[in-house]
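In: Need a 3D model of the following:
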Amino acid sequence: MTAAIPTVGEVEALVAAARVDRLVAHLEHATGIGERRWLRHALATAIGRSDPGAVDAETLERATAHGLSEATALLEGGPPAHSVVVPFAAGALGIARRVYVGFDLEGVDDGGALAPASRDAVRHALFLAARSETPPHPPERYRFGAWLPGGFEGVSVDGASLGAAALVSAVALWSGRAVLPQTAISASLVGTRLVSVGGHAAKVDALIARADVARLVVASADRAAVAARVASARGTLDVIGVDDVEALLAATLVAPESAVQGDDDVDHIVYEARRAFGGGWASHRWPVLRERLERVASAIPAGRPDLEVAALTMLGAARRHLGAPEESARILARAAKLAAAHAKAVPDPPLVHLCEHLALTHAMLGELGEARSAARRAVRIATRARLGADRVKALGTLGLVELAADHPEEAAAAQSTALALASAGRPAQIVRSCGYLAEARAAAGDVEGVRDAWTTGCAQLESVPAFARDVLEAWLRVNFGSALVRCDVLDEALTALSAPVVTARIEAGPLPGLLARRALGRALVGRTSATPAEIDRGLSLLGQSPASQGLLAAPRFLAMAHVNVLFEARARLVLGIFDADMETRALHALGALPRYGRVPELLAPLVGRVRAAIALAVFEPVRLIAALDALLARAVRLGL
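Out: Residues are numbered from 1 along each chain as shown. Here you go, the predicted structure:
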């Protein structure tokens with residue numbers, strides 16, 4: 001008997017609830033090509049809304065079998081020690097999210113996704129927690145939200161049932177007492193008493209579906225009803241009933257003698273954060289680093305603007321890497337204001353770092369004038385202070401910004417200077433500079449310059465420490481291959497990209513995975529000697545980008561994935577196989593382009609031309625190809 005195809009509403013509800021288990025089951029029973037593609041994309045999105053550790057190993061293995069290994073790899077890693085899982089009732093289908101209390105570096109409590117009743121419950125809980133443990137800053141400087149960026153997307157968080165969880169997370173954060181593993185909480189606070197909440201059936205079902213929950217703490221008045229629901233659902237949750245705050249903390253936190261004592265040496269704390277920041281792209285660890293940087297910033301005392309500027313800069317960069325450039329810009333602006341007010345107390349290295357990330361954030365927002373100004377200031381400060389390694393990075397940043405502004409000669413000049421300086425320093429910097437230089441040379445139409453950069457970079461790889469060599473080689477090959485594709489030297493590009501280190505990165509994370517898909521896919525389908533199997537593989541690499549990478553809440557990565565789909569559309573037009581399915585997916589891709597900063601303004605006219613070309617009653621492939629070429633060129637310059 002064939003399983004019924006789920007409705008659109010049912011699938012949307014499963015995605016919002018991050019019910020990976022049920023979506024995998026639907027995908028396994030799907031038969032039609034369109035249905036499978038739809039469910040695969042829905043599954044990838046649901047994985048992206050799942051907390052690391054929430055999906056059991058068997059379900060992840062089944063998802064991987066459908067080509068989502070890259071998606072499932074991003075579910076690795078442990079949560080903050082002061083986080084807790086909270087279930088919500090959303091109709092018949094429950095939703096559970098890992099939440100935590102964090103320091104509000106922007107100094108603005110906008111409530112986020114919380115409705116007024118939930119905000120009031122959290123505010124009461126934070127002030128109540130401050131009676132138990134003295135926070136480093138006033139309780140109003142802390143916020144409560146989902147650990148995973150975008151975790152509340154599509155979820156209505158309304159009601160007072162967040163109060164108990166907020167109190168436990170705050171006390172854990174301020175005391176150093178970790179939340180007991182696999183703990184979920186569902187209860188409201190009235191004064192210091194825990195009171196009943198509703199929606200037990202949906203909440204229990206949501207928690208039973210998670211691999212990271214084994215115990216649920218509720219108000220004593222709810223214990224019998226919740227335990228009965230667990231039994232009827234054949235779950236194994238240990239249901240614990242408590243009456244007041246004292247009992248709540250005893251049931252959810254490790255013993256006081258097991259508390260982790262904070263490091264009083266704030267210089268050391270920031271130093272260790274810098275070291276961790278350097279590995280942010282390893283397994284896309286930015287959510288973990290964001291939370292760590294919030295804690296670091298909350299530990300910095302007044303009178304240390306140098307450390308605060310450093311912490312704010314790293315947090316702003318982490319927010320950008322997580323796809324929130326407007327948040328990043330606000331945090332970096334705060335850091336810049338602080339640095340200007342304490343010019344004598346903030347040394348040059350953190351200033352250079354700040355200017356670099358201001359430049360990259362402005363560029364991501366399409367604010368290219370501001371980006372160039374910030375990048376040039378970074379170079380000036382690093383040059384004046386004779387900061388060799390920092391000057392290399394500043395010049396590299398300037399080169400990237402100039403390329404985004406469509407100034408390839410200036411970009412190549414900046415990267416060439418960076419390479420010359422790096423040649424006297426670390427080999428890893430040389431390799432990265434070579435990759436950036438190859439891209440700049442390609443934009444200037446200098447194929448031989450591209451090859452020279454590749455040769456120089458390859459010569460340095462052997463000197464790179466073994467633990468970093470594969471990643472750097474992958475980046476160099478992707479930069480070189482992308483540059484050659486831009487120059488239409490496709491056979492050579494295919495040779496550079498057909499290496500195990502590149503394949504591994506396609507399956508390991510958003511960058512350089514999406515760029516590798518783009519370069520390799522274009523090289524495979526664009527060659528005159530391409531076989532049908534190579535064309536199919538190339539189109540698949542491009543077309544499956546949203547399903548394999550669309551799991552991320554980050555708008556930038558979603559947009560990059562859909563830009564790959566537009567490259568697929570162009571390839572199909574050239575090959576004469578542009579059909580109704582491709583038209584639908586191309587229109588969807590246009591709608592997925594970023595809506596932050598000035599990017600919509602910069603892309604809108606070009607998007608309009610593509611839509612108009614698609615809508616022509618008499619289809620004109622040449623016109624559509626020209627419109628796509630103009631749009632794709634600008635999108636790529638903007639880092640999409």
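In: any idea how the protein splits into domains?
Out: Using automatic domain parsing, the domain parsing of the chain gives 8-73, 84-258, 426-508, 514-640.
In: pLDDT on the third one, on average?
Out: Mean pLDDT, taken over the full extent of domain 426-508, equals 91.
In: Now do that domain: distance to the chain's middle.
Out: 24 Å (Cα atoms, centre = their mean, to the nearest Å).
In: got it, and the longest one?
Out: Put simply, domain 84-258 sits 25 Å off its chain's centre (Cα atoms, centre = their mean).
In: Stretch 601-608 now?
Out: 25 Å.
In: Test my guess that Ala13 contacts Gly94.
Out: No: the pair Ala13 / Gly94 is not scored as a contact, 10.6 Å apart, by Cβ atoms under 8 Å. In this view, the C-beta of every residue, glycine as well, is placed from N, C-alpha and C.
In: who's more crowded, the two?
Out: Using other Cβ atoms under 10 Å as the criterion, Ala13 and Gly94 rank with Gly94 on top: 22 against 19.
In: lowest-confidence stretch among the domains of the chain?
Out: domain 8-73 - the lowest mean pLDDT of the domains of the chain, at a mean of 81.
In: Leu293 versus the residue nearest the centre of the chain, what's the distance?
Out: Central residue of the chain (Cα atoms, centre = their mean): Leu322, 3.4 Å from the mean position. Distance, Leu322 to Leu293, using Cβ to Cβ, to the nearest Å: 12 Å.
In: Tabulate the CA atom coordinates of the longest strand along the chain in CSV.
Out: Among the segments of the chain that qualify as a strand by DSSP state E, the longest is strand 93-103. The C-alpha coordinates for strand 93-103 follow below in CSV (Å, rounded to 0.1, in the frame of the first residue of the first chain):
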residue,chain,number,x,y,z
LEU,A,93,2.2,19.3,16.9
GLY,A,94,4.6,20.2,19.7
ILE,A,95,7.9,22.1,19.3
ALA,A,96,11.0,21.9,21.5
ARG,A,97,14.0,24.2,21.4
ARG,A,98,17.2,24.5,23.3
VAL,A,99,17.3,27.9,25.0
TYR,A,100,19.7,29.9,27.1
VAL,A,101,20.3,33.2,28.8
GLY,A,102,23.0,35.3,27.2
PHE,A,103,24.6,38.8,27.8
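In: need the helices for the stretch 201-350 of the chain, in chain order.
Out: 223-232, 245-252, 266-277, 286-299, 305-321, 325-341, 348-364 (DSSP state H, counting those that start in this stretch).
In: So for the second one, what gets flagged as buried?
Out: Of the residues in helix 245-252, those buried by neighbour count under the rule 16 or more other Cβ atoms under 10 Å are Val245, Leu248, Leu249, Ala251, Thr252.
In: show me where this structure has strands.
Out: Using DSSP E, strands in the chain cover 84-90, 93-103, 142-146, 183-186, 188-190, 193-195, 215-219, 238-242.
In: So which of the ones you listed is nearest Tyr436?
Out: strand 93-103 (34.0 Å; Cβ to Cβ).
In: Direction included, what does that closest one pair against?
Out: strand 84-90 (antiparallel), strand 142-146 (antiparallel) (DSSP bridges).
In: Just the buried positions in stretch 194-212, please.
Out: 194-195, 197, 199-210, 212.
In: And for stretch 516-536?
Out: 516-527, 530, 535.
In: Using JSON lines, please lay out these together with distance to Glu439.
Out: Listed next are these as JSON lines, based on distance: Cβ to Cβ, whole Å:
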{"residue": "Ala516", "distance to Glu439": "14"}
{"residue": "Arg517", "distance to Glu439": "17"}
{"residue": "Arg518", "distance to Glu439": "13"}
{"residue": "Ala519", "distance to Glu439": "11"}
{"residue": "Leu520", "distance to Glu439": "16"}
{"residue": "Gly521", "distance to Glu439": "18"}
{"residue": "Arg522", "distance to Glu439": "15"}
{"residue": "Ala523", "distance to Glu439": "15"}
{"residue": "Leu524", "distance to Glu439": "20"}
{"residue": "Val525", "distance to Glu439": "21"}
{"residue": "Gly526", "distance to Glu439": "18"}
{"residue": "Arg527", "distance to Glu439": "21"}
{"residue": "Ala530", "distance to Glu439": "24"}
{"residue": "Ile535", "distance to Glu439": "26"}
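In: Now, those that are in helices?
Out: Among these, the members falling in helices are Ala516, Arg517, Arg518, Ala519, Leu520, Gly521, Arg522, Ala523, Leu524, Val525, Gly526, Ile535 (criterion: DSSP state H).
In: now those in JSON lines, with distance to Ala405?
Out: As requested, these are exported to JSON lines (distance: Cβ to Cβ, whole Å):
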{"residue": "Ala516", "distance to Ala405": "25"}
{"residue": "Arg517", "distance to Ala405": "26"}
{"residue": "Arg518", "distance to Ala405": "21"}
{"residue": "Ala519", "distance to Ala405": "22"}
{"residue": "Leu520", "distance to Ala405": "27"}
{"residue": "Gly521", "distance to Ala405": "27"}
{"residue": "Arg522", "distance to Ala405": "24"}
{"residue": "Ala523", "distance to Ala405": "27"}
{"residue": "Leu524", "distance to Ala405": "31"}
{"residue": "Val525", "distance to Ala405": "30"}
{"residue": "Gly526", "distance to Ala405": "27"}
{"residue": "Ile535", "distance to Ala405": "35"}
